[in-house]
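>>> next one to model:
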Amino acid sequence: MKIFAIALFVIIIYSLGSALYFMFKDQGNSTRMVKSLSIRIGLSLFLFIAMMISVRLDMLANE
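Numbers count the residues shown, from 1 in each chain. A predicted model of the protein is given here:
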């Protein structure tokens with residue numbers, strides 16, 4: 001579970017970085033930044049829910 005959480009966190013950081021890149025490159029002429037930030041929000045919510053479930057099922061305490 002820890003490796004899954006770390007991998008998902010790295011993907012979230014990558015999505016945030018790509019949104020920053022699109023913000024400077026497109027200068028407001030594209031929706032790529034909004035899509036990238038939407039993906040980041042979805043992944044963050046998924047990670048939060050997965051962590052809550054794993055804590056509830058005692059999956060993190062045993063590792």
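
>>> just want the phi and psi numbers for Val34.
The main-chain torsion angles of Val34 are listed as degrees, to the nearest 10 and equal phi -60, psi -40.

>>> what of Leu57?
phi -90, psi 10.

>>> Ile39: neighbour count?
Residues near Ile39, counting by other CB atoms under 10 Å, number 17. The C-beta positions use only the backbone N, C-alpha and C, and glycine is treated the same way.

>>> and it, what pLDDT?
Looking at Ile39, its pLDDT is 94.

>>> mind checking what secondary structure Gly28 has?
What DSSP: H, G, I helix; E, B strand; the rest coil gives for Gly28 is coil.

>>> now the protein, which segments are flagged as low pLDDT?
Counting by pLDDT under 70, the chain shows low-confidence ranges at 60-63.

>>> try it again at 80.
For the chain, the stretches with pLDDT under 80 are 1, 28-29, 59-63.

>>> can you give me the helices in this structure?
Counting by DSSP state H, the chain forms helices over residues 2-26, 32-56, given from the N-terminal end onward.

>>> could you check the angle the first one makes with helix 32-56?
Angular relation of helix 2-26 and helix 32-56 on a 0 to 180 degree scale: 170 degrees, by axes from the mean of the first three to the mean of the last three CA atoms, to 10 degrees.
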